[in-house]
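Undergrad: what's the 3D shape of this:
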Amino acid sequence: MNTTTQNICFVANFYRTVLYHSVALGLKKRGANVFWIAIKEKQYNYLKRHYGEQNVMLINRDHFSKMSPPITDLKINELVYSDRVLKYQMEDGINFLNNIQQPIYDFIHKNKISLVFGERTWAHEILIGRLLEACPQLNSAYYSFYTIRIPSERFSFFSDERESIIKGP
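TA: Numbering: from 1, shown residues only. This is a model prediction of the structure:
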């Protein structure tokens with residue numbers, strides 16, 4: 001991967017953030033511009049210290065009430081029902097997932113982010129992947145990490161939500 005012209009974004013995810021941060025530091029050394037989307041204030045503050053406030057976006061509970069029209073139909077109800085937290089706060093969850101679409105779109109567009117790395121576990125992560133698929137004008141793709149056992153100490157990436165398409169290194 002030629003990282004000298006890449007703008008790369010990671011979606012912070014609790015303890016995985018430490019791993020992503022290590023990978024991001026290596027990519028920065030190779031010339032990549034690194035951005036983050038965080039959902040927890042603590043992670044946001046930590047990442048801001050390393051990457052600068054302009055490179056880190058916070059999406060949190062404030063977005064329950066920050067009304068923003070959705071960009072497209074991303075099957076929000078499906079995402080809320082399957083999320084481990086949002087399913088217990090249905091109305092807030094629907095509002096949250098609708099309200100974060102435009103700010104995420106704007107963040108990716110403004111920063112010309114070509115690759116977004118994260119998991120597809122939480123609703124907001126799946127939403128980001130769906131958003132990038134639905135908006136080809138962003139020229140960005142979402143990849144989730146996949147550990148390869150043989151040969152060891154390597155990984156690849158799933159490029160789709162169902163984890164059926166593997167993109168190799």
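
Undergrad: give me the buried stretch members for the biggest helix by length in the chain, please.
TA: Ranked by number of residues, the top helix in the chain under DSSP state H is helix 16-29. The neighbour-count check on helix 16-29 (16 or more other C-beta atoms under 10 Å) flags 17, 20-21, 24, 27 as buried. In short, each C-beta sits where N, CA and C put it, glycine included.

Undergrad: stretch 110-125 now?
TA: Neighbour-count burial for stretch 110-125 flags 111, 113-125 (criterion: 16+ other C-beta under 10 Å).

Undergrad: among those, name the ones in helices.
TA: Counting by DSSP H, the part of these found in helices is 123-125.

Undergrad: of these, which is the nearest to Ile71?
TA: His124 (14.2 Å; C-beta to C-beta).

Undergrad: before we move on, the earlier item: who are the packing partners of the longest helix of the chain?
TA: In terms of contacts (3 or more C-beta pairs under 8 Å, 6 or more residues apart in numbering; DSSP states H and E), helix 16-29 is packed against strand 7-11, strand 33-38, helix 41-51.
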